[in-house]
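> dropping the sequence and predicted coords here.
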Amino acid sequence: MATVQRTAIVTGAGSGLGRAIALQLAREGRDVACVDLHAATAEQTAADVEALGRRGLAVALDVRDAPAVRAMAEQVRDAWGRIDILVACAGVLKSAPVVELSEADWDWHLDVHAKGTFLCCQAVLPTMMAQRYGRIVTTVSGLAKAGAVGTAAYAAAKGAIVSFTLVLAREAEPYGITVNAFGPGPTDTPLLRGGVPPERMAETLRRAPFGRLPTPEEGAELAVWFTRDATAHITGRIFVQGLY
């Protein structure tokens with residue numbers, strides 16, 4: 001029997017955690033569609049995937065754009081014949097206390113995180129259901145449960161993804177599709193460094209296990225773990241550093 005060449009889609013693949021996940025999937029023999037808001041960063045990650053000996057595909061899109069997301073899934077399926085893995089990692093972060101939080105920033109967080117995750121999952125599901133195989137990994141945060149000053153929009157968006165993941169896992173299970181969520185905790189990425197004020201970053205570092213933030217490569221390991229054959233029996237799980 002011929003070995004199936006697994007393919008993956010990673011959103012937010014242009015930098016930080018998403019980039020680390022895309023490259024680790026490539027190291028494990030997956031072809032990777034690298035989806036990012038910015039074409040240049042998507043192309044760089046796709047080139048690095050190819051340097052690891054796998055096929056890379058760069059797709060620039062906004063995960064809030066439903067037609068663009070559907071077109072991306074069709075592009076991957078048409079190019080490679082399959083969609084086996086989706087890691088929904090695109091995200092934004094802007095800190096503000098509730099009293100100062102603008103409606104636009106609230107909508108931005110909910111749309112990119114919750115709506116973007118929904119749209120990407122919905123777009124790949126028909127292909128995965130037809131294959132009777134799929135691995136979907138969403139990205140969440142312990143802030144959805146614990147909260148922290150200035151993170152209302154981000155925490156609410158991640159909480160929505162937690163609930164969505166649990167529902168989708170039940171709906172997808174009959175088709176051989178696993179759906180799990182991971183949250184490595186605060187990770188040393190451009191998103192964190194750019195979205196958290198210096199005074200809060202100091203507190204984040206103080207509270208970090210073992211006194212340091214994990215690297216994107218360390219954070220990526222949990223996401224990729226959910227895509228391996230050894231975890232084919234695990235679905236509907238929310239694995240978050242320290243809180244779940």
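Great, that's in hand. Residues are numbered from 1 along each chain as shown.
> can you pull out the helices in this structure?
Ranges of helices in the chain, per DSSP state H, are 16-27, 39-51, 66-80, 103-109, 116-131, 143-146, 152-172, 190-195, 198-207, 216-225.
> these: which one's closest to residue 97?
Nearest of the helices of the chain to residue 97, taken as CB to CB: helix 152-172 at 7.8 Å. C-beta coordinates here come from the backbone N, C-alpha and C atoms, glycine included.
> in the closest one, which residues are buried?
In terms of neighbour count (16 or more other CB atoms under 10 Å), helix 152-172 has its buried residues at 152-162, 164-166, 168-169, 172.
> please state the offset of stretch 169-178 from the chain centre?
Between the mean C-alpha location of stretch 169-178 and the chain-wide mean there is a distance of 18 Å, by CA atoms, centre = their mean, to the nearest Å.
> contacts for that stretch?
The set of residues external to stretch 169-178 that reach it, using CB atoms under 8 Å, 6 or more residues apart in numbering, is 125, 128-129, 131-136, 179-180, 226, 231-232, 234-236.
> how many residues are close by the closest residue to residue 183 other than its chain neighbours?
Spatially, and ignoring its direct neighbours in sequence, residue 183 is nearest to residue 240 (3.7 Å; CB to CB, 6 or more residues apart in numbering). Neighbouring residues of residue 240 were enumerated by other CB atoms under 10 Å; the total is 21.
> which residues touch residue 240?
Applying CB under 8 Å, 6+ apart to residue 240 gives the contacts 140-142, 145, 181-183, 185.
> who wins for most neighbours among those residues?
Neighbour max across these (other CB under 10 Å) = residue 181, 29 neighbours.
> can you tell me how far the residue nearest to residue 66 when sequence neighbours are not counted is from residue 73?
Distances taken as CB to CB, 6+ apart place residue 119 nearest to residue 66, at 5.4 Å, with adjacent residues excluded. As for residue 119, its distance to residue 73 is 10 Å (criterion: CB to CB, to the nearest Å).
> residue 104 now?
Here the distance between residue 104 and residue 73 works out to 28 Å (CB to CB).
> okay, those two: which has more neighbours?
Neighbour totals were compared for residue 104 and residue 73, and residue 73 leads with 23 against 7 (other CB under 10 Å).
> quick one: the closest residue to that one other than its chain neighbours and residue 77, what's the gap?
In this structure, residue 73 finds its nearest non-sequential neighbour in residue 123, 3.8 Å apart by CB to CB, 6+ apart. According to CB to CB, residue 123 stands 10 Å off from residue 77.
> could you do residue 136 as well?
Look at residue 136 and residue 77: by CB to CB, they are 15 Å apart.
> one more: residue 95?
Applying CB to CB, the value for residue 95 to residue 77 is 38 Å.
> for residue 217, same thing?
Counting by CB to CB, the gap between residue 217 and residue 77 amounts to 29 Å.
> and residue 64, what is it in contact with?
111-112, 115-116, 119.
> and the gap between the residue lying closest to it once chain neighbours are set aside and residue 214?
What sits nearest to residue 64 in space, not counting adjacent residues and going by CB to CB, 6+ apart, is residue 111, at 4.7 Å. Using CB to CB, one obtains 27 Å as the distance from residue 111 to residue 214.
> which one of those two is surrounded by more residues?
With neighbours defined as other CB under 10 Å, residue 111 and residue 214 compare such that residue 214 has more, 21 against 16.
> pLDDT score for that one?
The predicted local distance difference test score for residue 214 is 72.
> tell me, how many residues neighbour residue 146?
When neighbours are counted by other CB under 10 Å, residue 146 registers 12.
> what does the one 3 residues further on give?
Residue neighbour count, defined by other CB under 10 Å, stands at 11 for residue 149.
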